[in-house]
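In: sequence and computational prediction follow.
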Amino acid sequence: MKTDAPRPRRVTKRREETRQRLLDAAGEVFAEEGFGRSTVEQVCERAGFTRGAFYSNFTSLDELFLAMWERQSALMLDSIRASLADSATRPTLMTVDTAVERVLAAIPVDDTWYRITAEFTAHALRNPALKRVMAAREDAILHTILPIVEDALAAVGRRVADRNALGRALVALHDGTTVQILMEPENEAVRQARQRLFVTVVSSYSSTDTNRR
């Protein structure tokens, strides 16, 4: 007798709301206690759920953090897309400087999120399997962002020869200047220097598109 294959469990509205509350609670707990000192019990207490609710959604705090990271990355990507939405339809309004300014404005430097991710990164460096997972997800995010950046540059008549090199340069620059801003949050000169550095890097890794008419 033929039997039907098991169907994937449907994500109900209630289940999704539970996940979001757990993610929100985890962000608060991680920020206050530090990832390494946080527990499932603390997250559940903050969210108002039992351990059963936690383990019906996540297998561990590691998996929960990765879900937080994906959510944060999706929000960032949406903000970047929105900031550059008119680059193709109204290219006369866009230059490399304005494109960089818009993208940086769409990626806020957040002290709380930086501390959470820095602590989790240190945790992942001690776990080879988790380190590989993080590296793969970072690559996936980068490969999503780069086409958006390339389209914005194309709108101002520039092309990228090596997208991977540009991507790694932008990540390194973002990480380094984020620390500088967090150390001197009131220093406007640091923010301006950050923007100039991004313009320099983007200009250095792109060139005028001679085929553009």
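Out: Nice, I can see it. This is a predicted model, so every value here is computed, not measured.

In: mind giving me the packing neighbours of the strand or helix carrying D139?
Out: D139 is part of helix 128-155 when elements are defined by DSSP states H and E. If contacts are counted by 3 or more Cβ pairs under 8 Å, 6 or more residues apart in numbering; DSSP states H and E, helix 128-155 sits against helix 61-83, helix 96-106, helix 111-125, strand 158-160, helix 163-183. Placement of C-beta: from N, CA and C, glycine included.

In: any idea of the mean pLDDT in the shortest one?
Out: Spelled out, it's strand 158-160. For strand 158-160, the mean per-residue pLDDT is 92.

In: gap between Q20 and T50?
Out: 17 Å (Cβ to Cβ, to the nearest Å).

In: meant to ask about K13, not that
Out: Distance of K13 to T50, computed by Cβ to Cβ: 20 Å.

In: comparing these two, which shows the higher neighbour count?
Out: More neighbours surround T50 than the other of K13 and T50, with 12 against 7 (other Cβ atoms under 10 Å).

In: thought that one was touching V40?
Out: No. Counting by Cβ atoms under 8 Å, T50 sits too far from V40 to count as a contact (10.4 Å).

In: which residue ranges make up the domains of this protein?
Out: Following automatic domain parsing, one gets these domains for the chain: 11-58, 61-208.

In: worst mean pLDDT among the ones you listed?
Out: domain 61-208 (a mean of 90).

In: check the offset of that domain from the chain's centre.
Out: Its chain's C-alpha centre and that of domain 61-208 lie 7 Å apart, by Cα atoms, centre = their mean, to the nearest Å.

In: burial check on the residue nearest to A105 when sequence neighbours are not counted, number of neighbours?
Out: Computed as Cβ to Cβ, 6 or more residues apart in numbering, the closest residue to A105 that is not its neighbour in sequence is S83, at 6.5 Å. Around S83 there are 20 other residues, counting by other Cβ under 10 Å.

In: which ones are touching S83?
Out: R102, V103, A105, A106 (Cβ atoms under 8 Å, 6 or more residues apart in numbering).

In: quick one: the most centrally placed residue in the chain from T208, how far?
Out: With the centre of the chain defined as its mean C-alpha position, the nearest residue by Cα atoms, centre = their mean is S73, 3.3 Å away. Remark: distance between S73 and T208 (Cβ to Cβ) = 32 Å.

In: same question, L182
Out: Taking Cβ to Cβ, one finds L182 at 35 Å from T208.

In: appreciated, that's everything.
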